[in-house]
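Visitor: Just to be clear, the model below is a prediction. Sequence and coordinates:
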Amino acid sequence: MADISKLEDICAKIKDLDPKVRFAAVINERGRLIAGGMKEGVEPLETEKDDEMLFMELALRVKMRKEFDRQLGSVQFALAARERALALSFLHGNDVLYVVAEPDADYGALPKKILKIIK
């Protein structure tokens with residue numbers, strides 16, 4: 001696991017990257033939030049209990065995607081375009097960087113900018 005202060009710094013940089021970013025956090029392989037969170041002044045779309053379920057499901061999904069790394073190469077990022085949010089996940093060591101942005105965020109440019117920060 002990476003140094004928590006470094007992870008907090010990465011999350012802060014991502015939240016400052018684009019005004020449409022709502023949330024940037026690092027989730028461990030058990031689905032627990034270990035760094036980052038909601039951008040200040042932004043109203044969450046879900047409850048804390050929903051977050052816990054979402055994070056556990058995300059951790060499981062990331063593990064399952066690794067099954068095809070040998071055939072397809074490793075996943076750079078995954079993106080889900082929803083009605084109310086754009087959700088991106090990036091593998092970061094054994095953890096997952098999870099970023100949520102407004103649905104009209106630039107989903108072509110934003111992931112590339114985030115990859116530059118975490119590489």
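Guide: Yep, it's here. Numbering: from 1, shown residues only.

Visitor: Which positions within the worst-scoring helix or strand of the chain on mean pLDDT qualify as buried?
Guide: Ranked by mean pLDDT, DSSP states H and E, the helix or strand of the chain with the weakest confidence is helix 48-65, at a mean of 90. The neighbour-count check on helix 48-65 (16 or more other CB atoms under 10 Å) flags 51, 54-55, 58-59, 62 as buried. The C-beta positions use only the backbone N, C-alpha and C, and glycine is treated the same way.

Visitor: ok, now stretch 20-32?
Guide: Neighbour-count burial for stretch 20-32 flags 21-28, 31 (criterion: 16+ other CB under 10 Å).

Visitor: Now the residues you listed in a markdown table, please, with extra columns for distance to Ala105 and secondary structure.
Guide: Below are the buried residues of stretch 20-32 laid out as a markdown table (distance: CB to CB, whole Å; DSSP: H, G, I helix; E, B strand; the rest coil):
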| residue | distance to Ala105 | secondary structure |
| --- | --- | --- |
| Val21 | 7 | strand |
| Arg22 | 9 | strand |
| Phe23 | 12 | strand |
| Ala24 | 12 | strand |
| Ala25 | 17 | strand |
| Val26 | 20 | strand |
| Ile27 | 20 | strand |
| Asn28 | 25 | coil |
| Gly31 | 24 | coil |
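
Visitor: Kindly indicate which of the residues you listed lies nearest Lys6.
Guide: Using CB to CB, Val26 is the member of the buried residues of stretch 20-32 that lies nearest Lys6, at 9.8 Å.

Visitor: isn't the closest one right next to Ile14, touching?
Guide: No. Contact criterion CB atoms under 8 Å: Val26 and Ile14 do not qualify, at 10.3 Å.

Visitor: Now do the shared contacts for these two.
Guide: Shared contacts of Val26 and Ile14 (CB atoms under 8 Å, 6 or more residues apart in numbering): 36, 97.

Visitor: coming back round to it: for the least confident helix or strand of the chain, name the packing helices and strands.
Guide: Applying 3 or more CB pairs under 8 Å, 6 or more residues apart in numbering; DSSP states H and E, one finds that helix 48-65 contacts strand 21-27, strand 78-81, strand 86-92, strand 95-101.
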